[in-house]
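Participant: A structural model of the following input is requested.
(one chain, ligands or ions: 1)
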Amino acid sequence: MSDSTAKKWLKEAKEGKLKLDLVKDGKRTYVAQTSGNIETLEKLASERKKFRTRANNKVVLPQPDFYNHYSQAQIYDIVTNLEAHRELPRQYNYFDGGARRWDEYTQALANKEALNMITASQQLLDAMQAYLDTLLTKYKRVNVVDIGVGNAIPSRALIAHLLKAEKLGRYIAIDISKEMLNIAEANMKEWFDGKVQFEGYERDITREHFSNLLAEDYIQDENDEVVNLALLLGGTLYNLRDPDSGYRVIRESLGVRDILIHTQGLDSRTSRRYFDFNVEPSQPVLPPIHGFVVDMLNIDPSFYKLEIGYDEKSRQRFERIRFEKPLTIEFEFANIGKRRVSFDKGDSVLVWRFWQQTFPEVVEQFEHNGFHMLGSVQTSNREHVLTISQLQ
Ligand SMILES: C[S@@+](CC[C@H](N)C(=O)[O-])C[C@H]1O[C@@H](n2cnc3c(N)ncnc32)[C@H](O)[C@@H]1O
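Facilitator: Below you'll find the model as predicted:
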C-alpha cells in the first residue's frame with residue numbers, strides 16, 4: 001500500500017470512521033500491531049485492490065505476439081515473478097526481436113577497441129589459451145558446450161583454434177532463446193564454412209540439466225579420449241535472481257574431467273556506474289536490449305519513470321520502472337482463464353540487474369557450488385575475469 005493510503009486510514013481511525021486500535025507515543029499516533037488490526041487492514045487492502053481494478057486503473061493486454069513467443073509455462077513464470085518478486089526475468093528479453101537487439105548491440109561492442117564484456121572475453125580467452133592447451137593435451141577430441149551462446153562471437157577464436165588443432169568434436173549450443181540459437185548457427189556457418197556441425201538446444205539452464213546431451217559420448221569413450229569444454233561467457237548468471245540455480249544445473253550436467261570456462265564483469269567503482277547500454281545518460285530511457293518484455297507487455301513509457309543505479313545494500317546494479325499511475329496487466333491462459341497483475345502508483349518492477357562481485361567472491365561462489373578453480377586471469381583494468389574450473 002502507498003504512504004498516502006496508510007495516512008488516509010490513520011486519519012479515518014483517529015476520526016472514529018475506521019475501527020482500528022491506536023497507540024499514542026507523545027505527539028505521534030500509531031496503528032497497534034494487533035491481530036484484529038491486521039485483519040481489518042488486510043480486508044481494506046483487498047477491497048481497495050478490487051476497487052482500483054474496476055475504477056481509475058489502466059488495464060493493458062500483452063501484444064498478441066507475446067503469446068507466440070513464450071510457452072504457457074514461460075508466461076506463468078513471467079506472471080509469478082511479477083507477482084512475487086516485482087521482477088521481469090532477464091532471460092525472456094532474448095526472444096524474437098530481443099535476440100536481434102542483442103546481436104546488434106554486441107556486434108557494435110566487438111568492433112570497439114576498448115574493453116567491454118565482448119572484447120574482454122575474447123582477450124582473456126586468448127591469454128588463457130596456452131594453459132588450456134596443456135589441460136587438453138591428453139585428449140583426442142574436445143566437445144564444446146556453449147552455455148547461453150548468444151551470437152557466439154566471443155567463442156569464435158577458440159573454436160577456430162580447436163579446429164586448426166584437429167581436436168574439435170561436437171559444438172553444442174544451449175540457449176533459452178530459439179532466435180539466439182538461429183543467429184549463432186548462421187554465424188558458425190559463415191565463419192567456418194560448414195566445418196563446424198552446429199547442435200542447438202533450447203533449454204533453461206537454471207532448470208534443465210544437459211547431461212543427457214553428453215551421455216552417449218561419455219559411455220562410448222572407453223579410452224577416456226573425449227573431454228567436454230563448457231563455456232559460460234558474458235556473466236549470464238549474474239543477471240538472474242539466483243545465479244546459484246545455474247551453477248547447480250551446470251555442476252550436475254558435467255563429468256569429473258570436464259572443464260568450465262567462465263567470464264564475468266567484476267565489481268569496481270567504475271563498473272558500479274556503468275550503464276552505457278546504447279542510451280543517452282542524460283535522458284534515461286529503457287535500453288532496447290533490456291526492454292523487449294516491457295514492450296511485449298504494452299507497458300508504455302508514459303506509464304513509468306526509469307530508475308537506474310547501484311544498490312549498496314544488495315550490491316547490484318539495477319534498472320527498474322516505477323509506475324506513475326495504477327496499472328493492471330491482464331494475461332490470458334489458453335483454456336484456463338485470465339490472470340491480472342496489478343500495480344499501485346509508486347510500485348516498481350525490476351527490469352535488469354547485475355550482481356557486483358569482487359574476485360574473492362567469485363572464487364567463493366564457485367567453491368560453494370561444488371567447483372574447484374584451477375586458474376583465472378583478469379584484464380589489466382581489473383574489471384573482467386576469466387576462470388577455469390572443474391568439479392570438486
Ligand atoms: C549475457 S548473454 C551472453 C551471450 C554470450 N555467451 C556472450 O558472451 O556474448 C546471455 C545469453 O544466455 C541466454 N540465457 C539467459 N538466461 C538463460 C537461461 N536461464 N537459460 C538458457 N539461456 C539463457 C540468453 O538468451 C543469451 O543468449
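Participant: Assumed Arg320 was part of a strand.
Facilitator: Yes - assignment of Arg320 by DSSP: H, G, I helix; E, B strand; the rest coil places it within a strand.
Participant: Any idea how many residues pack against it?
Facilitator: Arg320 has 21 neighbouring residues, counting by other CB atoms under 10 Å. For the C-beta atoms, the positions are set from N, CA and C on the backbone; glycine is no exception.
Participant: show me the residues around it that make contact.
Facilitator: Applying CB atoms under 8 Å, 6 or more residues apart in numbering, we find Arg320 in contact with 306-308, 348-351.
Participant: where does it land on pLDDT?
Facilitator: Reading off the confidence values, Arg320 has pLDDT 96.
Participant: if we look at the sheet, which residues does it bridge to?
Facilitator: Beta-bridge pairing of Arg320, defined through DSSP bridges, involves Glu307, Leu350.
Participant: That one and Trp352, how far apart?
Facilitator: Going from Arg320 to Trp352 by CB to CB, to the nearest Å gives 8 Å.
Participant: Check Asp244 too.
Facilitator: Using CB to CB, one obtains 19 Å as the distance from Asp244 to Trp352.
Participant: do Pro64 as well
Facilitator: Here the distance between Pro64 and Trp352 works out to 25 Å (CB to CB).
Participant: Could you check how many residues crowd around Glu225?
Facilitator: Using other CB under 10 Å, the number of residues around Glu225 comes to 12.
Participant: Now it: phi and psi?
Facilitator: With angles defined as degrees, to the nearest 10, Glu225 shows backbone torsions of phi -100, psi -10.
Participant: Show the contacting residues for it.
Facilitator: 139-141.
Participant: Name the helix or strand of the chain that has the lowest mean pLDDT.
Facilitator: helix 35-54 (a mean of 77; mean pLDDT, DSSP states H and E).
Participant: quick one on the thing from earlier: in strands, which of the contacts of Glu225 appear?
Facilitator: Among those, DSSP state E puts Arg141 in strands.
Participant: Neighbour-wise, which one of the contacts of Glu225 leads?
Facilitator: If you rank the contacts of Glu225 by neighbour count (other CB under 10 Å), Tyr139 sits at the top with 19 neighbours.
Participant: re the thing from before, format the contacts of Arg320 as CSV; extra columns: distance to Gly169 and pLDDT.
Facilitator: What follows is those, written out as CSV (distance: CB to CB, whole Å; pLDDT from 0 to 100):
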residue, distance to Gly169, pLDDT
Leu306, 46, 95
Glu307, 47, 94
Ile308, 43, 92
Ser348, 47, 98
Val349, 43, 98
Leu350, 40, 98
Val351, 39, 98
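Participant: Report how many residues lie close to Asp133.
Facilitator: Burial of Asp133 is recorded as 13 neighbouring residues (other CB under 10 Å).
Participant: Excluding chain neighbours, give the residue nearest to it in space.
Facilitator: Of all residues beyond its chain neighbours, the one nearest Asp133 is Ala165 (7.9 Å), with distances taken as CB to CB, 6 or more residues apart in numbering.
Participant: For burial, what's the neighbour tally of the one you found?
Facilitator: Residues lying near Ala165 (other CB under 10 Å) number 11.
Participant: Same question for Ser253.
Facilitator: So Ser253, with other CB under 10 Å, has 22 neighbours.
Participant: and what of Val59?
Facilitator: Tallying neighbours of Val59 according to other CB under 10 Å, which is how burial is gauged here, yields 13.
Participant: ok, it to the ligand distance?
Facilitator: Distance of Val59 to the ligand, computed by CB to the nearest ligand atom, to the nearest Å: 30 Å.
Participant: Could you grab the helix/strand/coil label for that residue?
Facilitator: Following three-state DSSP, Val59 is assigned to strand.
Participant: who does it bridge with?
Facilitator: Beta-bridge partners recorded for Val59 (DSSP bridges): Thr328.
Participant: Tell me who's in contact with it.
Facilitator: Neighbouring residues of Val59 by CB under 8 Å, 6+ apart: 53, 327-330, 340.
Participant: by contact count, what packs against the helix or strand where Val377 lies?
Facilitator: Assigned by DSSP states H and E, Val377 belongs to strand 371-378. Using 3 or more CB pairs under 8 Å, 6 or more residues apart in numbering; DSSP states H and E as the contact criterion, the neighbours of strand 371-378 among helices and strands are helix 117-136, helix 359-368, strand 384-391.
Participant: Of those, give the one that comes closest to the ligand.
Facilitator: For these, distance to the ligand was read as CB to the nearest ligand atom. The smallest value, 5.5 Å, belongs to helix 117-136.
Participant: which parts of this protein sit against the ligand?
Facilitator: 91, 94, 106, 118, 121, 148-150, 153-154, 175-177, 180, 203-206, 233-234, 236 (CB under 6 Å from any ligand atom).
Participant: What segments of the stretch 201-350 of the chain are helices?
Facilitator: According to DSSP state H, counting those that start in this stretch, the stretch 201-350 of the chain carries its helices in the segments 211-220, 243-253, 269-272, 292-296.
Participant: Next, format those helices as a markdown table and append mean pLDDT.
Facilitator: Written out in a markdown table, the entries for the helices of the stretch 201-350 of the chain read as follows (pLDDT from 0 to 100):
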| stretch | mean pLDDT |
| --- | --- |
| helix 211-220 | 91 |
| helix 243-253 | 98 |
| helix 269-272 | 93 |
| helix 292-296 | 98 |
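Participant: check contacts around Tyr310.
Facilitator: With contacts taken as CB under 8 Å, 6+ apart, Tyr310 has the following neighbours: 272-273, 316-318, 356.
Participant: Please report how far it lies from Leu350.
Facilitator: If you measure Tyr310 against Leu350 using CB to CB, the figure is 14 Å.
Participant: In this structure, where is pLDDT below threshold?
Facilitator: Counting by pLDDT under 70, the chain has low-confidence residues at 1-2, 49-55, 278-283.
Participant: Walk me through the domains of it.
Facilitator: According to automatic domain parsing, the chain is divided into the following domains: 3-54, 58-98+270-355, 116-266+357-391.
Participant: Quickly compare those and say which is most buried.
Facilitator: Per-residue neighbour counts averaged over each of the domains of the chain give the maximum for domain 116-266+357-391, namely a mean of 18 (mean count of other CB atoms under 10 Å).
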